[in-house]
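**Q** How does the following fold in three dimensions:
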Amino acid sequence: MYHSSLEIEHSDNKLSLAFTGELTLYNISKYQKQITSINFNGVKIVEIDFSNLFFLDSAASIFIYNLQTQLSSKNIQINLLCNNKEILEILELIKKQKQKTIKISPNKDISIIEKIGIKIHRSYKGFLSLMAFMGELFINILYYFFSIKNIRYKEIAFEINESAIKAVGIVAITSFLIGIVVAYQSAFQLKLFGANVFIVDILGLSILREISPLITAIVIAGRSGSAFTAQIGAMKITEELDAMRTMGFDPYKFLVLPRVIALMIAMPILIFLSDVMAILGGMLVANVDLDITVNLFLDRFSDVIAVKHFYIGIVKGPFFAFFIATIGIYRGLMVKNDTQSIGFNTTKSVVESIFAVIICDALFSIAFTNLGI
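**A** Below is the predicted model of the structure:
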């Protein structure tokens, strides 16, 4: 380790800064204080003498570059005395890197039209990314079913338990309460016209065709869809997905497909459970508020409600499940390397899943109406 020092000589309009030994990160603060205290008024030439300097690190090189820039701004001529090739090379390297640095312009206010354009462009890119993900998902599903030995029954059964069986309680309670609310609001209006028995028609059509599939999908989107995002996102942050790829395991076959298939199998079952609980809730209100007995309710239900309305609700299940699982997993894969991103994408997955389910349900309604179903 070399001894370091700085000798300052001031004569007329010339100032000499002679460094000896080594100039590094650990001693530049001391020299910076000495140079800062110098009065440069009247100085025309500054001579930086590195003749006796043996070592210069990058931090010290940046210090010298900034010193030269500062002196040049004061119209002071700088003379550098150095015979050491390595020191000259590192000074030149720092100079080139500094000159390449792009000065970031201050943020400027953008117009509302530009903001709208930026949001539309981001949404468009996000849509293309989702379509690419769904395309890869379809390819893997086809490969999955054409190669029966690759179907992971154990993982599918596990995901059915996690996303469906454990959701039975919340789906049943929610549907039962929704059935009570719909029946109670309908009963209040029907009593005004003495049409109490028509509550069966209202409950049967609305619950079987629309309410039960939608309520079940919304509950599952908030429960299982968000869980998919959080699970996949946590695995991405901890680099488990990269580790799986390194070991030769395809995350699509081990993580994505079992979740999608499990939810598509489980959703019709949950919708059936929702139908039963919602009708029970409506039946309870009809009995208490409108004096419609259970036998009368069931007889009327079997006479006026065609079985096709039940099938329509059940058919929607796999489609709703596909959108919920796909968006939940896609948002999990979009998680960045920070915990805040998990929360952001989990929220986005729930909102986008519910939005996709409502759009899908609207398309089904239009299609079934036009087909006369």
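**Q** is it fair to say residue 54 lies in a helix?
**A** No. Under DSSP: H, G, I helix; E, B strand; the rest coil, residue 54 sits outside any helix and is assigned strand.
**Q** isn't it right up against residue 22?
**A** Yes. Applying CB atoms under 8 Å, one finds residue 54 in contact with residue 22, separated by 6.0 Å. In this view, the C-beta of every residue, glycine as well, is placed from N, C-alpha and C.
**Q** Helices along the stretch 251-373 of the chain, start to end?
**A** 251, 257-289, 294-304, 307-333, 339-371 (DSSP state H, counting those that start in this stretch).
**Q** what's the first one in contact with?
**A** Among residues not part of helix 251, those counted as contacts by CB atoms under 8 Å, 6 or more residues apart in numbering are 241, 244-245.
**Q** Mind giving me the PyMOL command for buried ones among those?
**A** Applying 16 or more other CB atoms under 10 Å to the contacts of helix 251, the buried members can be selected in PyMOL as follows:
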select buried, resi 241+244
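**Q** Inside strands: which ones of the contacts of helix 251?
**A** Per DSSP state E, strands hold no members of the contacts of helix 251.
**Q** and the contacts of helix 251 as TSV, adding distance to residue 177 and pLDDT?
**A** Output for the contacts of helix 251, formatted as TSV (distance: CB to CB, whole Å; pLDDT from 0 to 100):
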residue	distance to residue 177	pLDDT
241	39	83
244	42	83
245	45	82
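**Q** So which of the contacts of helix 251 sit within helices?
**A** 241, 244-245 (DSSP state H).
**Q** Export these as JSON lines, with columns for distance to residue 65.
**A** As requested, these are exported to JSON lines (distance: CB to CB, whole Å):
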{"residue": "241", "distance to residue 65": "43"}
{"residue": "244", "distance to residue 65": "47"}
{"residue": "245", "distance to residue 65": "44"}
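**Q** What is the nearest of these to residue 69?
**A** residue 241 (46.5 Å; CB to CB).
**Q** what sits against that closest one?
**A** Contacts of residue 241 (CB under 8 Å, 6+ apart): 232, 235, 251, 255.
**Q** about what we covered before: turn the helices of the stretch 251-373 of the chain into JSON lines, columns for mean neighbour count and distance to residue 67.
**A** Listed next are those as JSON lines, based on neighbours: other CB atoms under 10 Å; distance: least, CB to CB, whole Å:
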{"stretch": "helix 251", "mean neighbour count": "18", "distance to residue 67": "53"}
{"stretch": "helix 257-289", "mean neighbour count": "22", "distance to residue 67": "61"}
{"stretch": "helix 294-304", "mean neighbour count": "14", "distance to residue 67": "90"}
{"stretch": "helix 307-333", "mean neighbour count": "22", "distance to residue 67": "49"}
{"stretch": "helix 339-371", "mean neighbour count": "16", "distance to residue 67": "41"}
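**Q** of all the ones you listed, which lies closest to residue 123?
**A** Comparing these by CB to CB, helix 339-371 comes nearest, at 11.0 Å.
**Q** Can you spell out the domain ranges of the chain, please?
**A** 5-100, 147-371 (automatic domain parsing).
**Q** Would you single out the least confident of those?
**A** Note on these: lowest mean pLDDT is at domain 5-100, with a mean of 83.
**Q** Okay, angle between the helix ranked longest in the chain and helix 257-289 too, please.
**A** Criterion DSSP H: the longest helix present in the chain is helix 112-146. Interaxial angle, helix 112-146 versus helix 257-289 (axes from the mean of the first three to the mean of the last three CA atoms, to 10 degrees): 100 degrees.
**Q** what ranges do the helices span in the stretch 1-150 of the chain?
**A** 28-36, 58-73, 85-100, 112-146.
**Q** Send me stretch 152-166 as PDB with only the CA atoms.
**A** C-alpha atoms of stretch 152-166 as PDB (Å, rounded to 0.1, in the frame of the first residue of the first chain):
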ATOM      1  CA  ARG A 152     -51.600 -35.800 -13.800                       C
ATOM      2  CA  TYR A 153     -54.700 -37.200 -12.100                       C
ATOM      3  CA  LYS A 154     -53.200 -36.700  -8.600                       C
ATOM      4  CA  GLU A 155     -52.600 -33.000  -9.200                       C
ATOM      5  CA  ILE A 156     -56.000 -32.500 -10.800                       C
ATOM      6  CA  ALA A 157     -57.700 -34.200  -7.800                       C
ATOM      7  CA  PHE A 158     -55.700 -32.000  -5.400                       C
ATOM      8  CA  GLU A 159     -56.700 -28.900  -7.200                       C
ATOM      9  CA  ILE A 160     -60.400 -30.000  -7.300                       C
ATOM     10  CA  ASN A 161     -60.200 -30.300  -3.500                       C
ATOM     11  CA  GLU A 162     -58.500 -26.900  -3.100                       C
ATOM     12  CA  SER A 163     -60.600 -24.900  -5.500                       C
ATOM     13  CA  ALA A 164     -64.000 -26.700  -5.300                       C
ATOM     14  CA  ILE A 165     -64.500 -28.900  -2.200                       C
ATOM     15  CA  LYS A 166     -63.100 -26.300   0.100                       C
END
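**Q** picking that back up, residue 131 is nearest to which of the domains of the chain?
**A** Of the domains of the chain, nearest to residue 131 by CB to CB is domain 147-371, at 10.3 Å.
**Q** about what we covered before: return the member of the contacts of residue 241 nearest to residue 155.
**A** Among these, residue 255 lies closest to residue 155 (CB to CB), at 8.6 Å.
**Q** can you pull the contacts of the closest one?
**A** By CB under 8 Å, 6+ apart, the neighbours of residue 255 are 232, 235, 241, 244, 329.
**Q** now these in a markdown table, with distance to residue 85?
**A** A markdown table is the format used below for the contacts of residue 255 (distance: CB to CB, whole Å):
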| residue | distance to residue 85 |
| --- | --- |
| 232 | 54 |
| 235 | 52 |
| 241 | 49 |
| 244 | 50 |
| 329 | 58 |
